[in-house]
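**Student:** model the structure of this input:
(one chain, ligands or ions: 1)
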Amino acid sequence: MAPRKLAAGNWKMNGDLAALEQIDILARDHAAANCDVLICPPALLVHPMAERATGIAVGGQDCHHAASGAHTGDISAEQLRDAGASHVIIGHSERRTDHGETDEMVAAKAVAAHQAGLTTIICVGETEAQRDAGETLDVIASQLAGSVPDCASAKNTVVAYEPIWAIGTGRTPTTDQIAEVHALMRRLMAERFGDGADLSLLYGGSVKPGNAAEIFAIADVDGALVGGASLKASDFGPIVSALD
Ligand code: PEP
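**Tutor:** Sure thing, here's the model as predicted:
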């Protein structure tokens, strides 16, 4: 089966109740799209967004590896699921940098999310220094090996390649650079989970309406994880249309 196409938006720590009108516009224009459309708002907005997001999936931006307990300020995968989420982003570079999340922690969170019935979007990506040093493919292979748990499958896991130096900077890798990493990810996932595993592979990092079509034309790119350009339906809508 061909990998599912997914346009995923990551609102990060942006948005409020008034911003939910963006979801009404996306639902009106893209609920019947031929690709999956997902918005991951701040945790407080997951439930109200899921209540009104007909035809648009809603996800969390992180979850704890435990189902419940004494973890002040954290949110479990079960709680996300209960609030109406179907997906959760795990191991975003901002979590790895700001909260010291390791590959091992990312894999544990992914297992918890799968047990709760969520689809994970597991993020990997190199720093600019690593790319300049020619280490990109080794870094991605190592992050994939450590962050993607053995229970992963095309049904419960999406992998997002997000070069850290491209996130929120307006800079993107060349199409050849994206193709090289995605080919590696496709091969490594097939080696580990079988030829037909066909996990969806997203590219993320300064995707905009103006470059989306070119990025989606690259082999092994099954969609995008979009930050800044997912906040407004007027930007995210054209990106969804480019994938659709
Ligand atoms: C992201 O945060 O995952 C991201 C890709 O951000 P941006 O699209 O703003 O670069």
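
**Student:** centre of the chain to the top helix by length along the chain, how far?
**Tutor:** Ranked by residue count and defined by DSSP state H, the top helix of the chain is helix 175-193. Remark: helix 175-193 is offset 16 Å from the chain centroid, using CA atoms, centre = their mean, to the nearest Å.

**Student:** any idea which residue of the chain lies closest to the ligand?
**Tutor:** Residue nearest to the ligand within the chain: G227 (2.2 Å; CB to the nearest ligand atom). Heads up, the C-betas are built off the backbone N, CA and C, glycines and all.

**Student:** pretty sure that residue is touching G204, no?
**Tutor:** Yes: assessed by CB atoms under 8 Å, G227 is found in contact with G204 at 7.3 Å.

**Student:** compare those two (neighbour count), which wins?
**Tutor:** Per other CB atoms under 10 Å, whichever of G227 and G204 has more neighbours is G204, with 25 against 22.

**Student:** can you tell me who that one pairs with across the strands?
**Tutor:** L225 (DSSP bridges).

**Student:** could you give the average pLDDT over stretch 34-48?
**Tutor:** Mean pLDDT, stretch 34-48: 97.

**Student:** which strand or helix spans the residue most central in space within the chain?
**Tutor:** A centroid search over the chain (CA atoms, centre = their mean) returns I121, at 4.2 Å, as the residue closest to the centre. Element membership for I121 (DSSP states H and E) is strand 119-124.

**Student:** one more: R131?
**Tutor:** helix 128-132.

**Student:** what residues does that helix touch?
**Tutor:** For helix 128-132, the external contacting residues (CB atoms under 8 Å, 6 or more residues apart in numbering) are T136, V139, P163, I164, W165.

**Student:** how many residues are close by the third one?
**Tutor:** In this case it means P163. A total of 28 residues lie near P163 under the criterion other CB under 10 Å.

**Student:** pretty sure it is touching E126, no?
**Tutor:** Yes: P163 lies in contact with E126 (CB under 8 Å); the separation is 5.8 Å.
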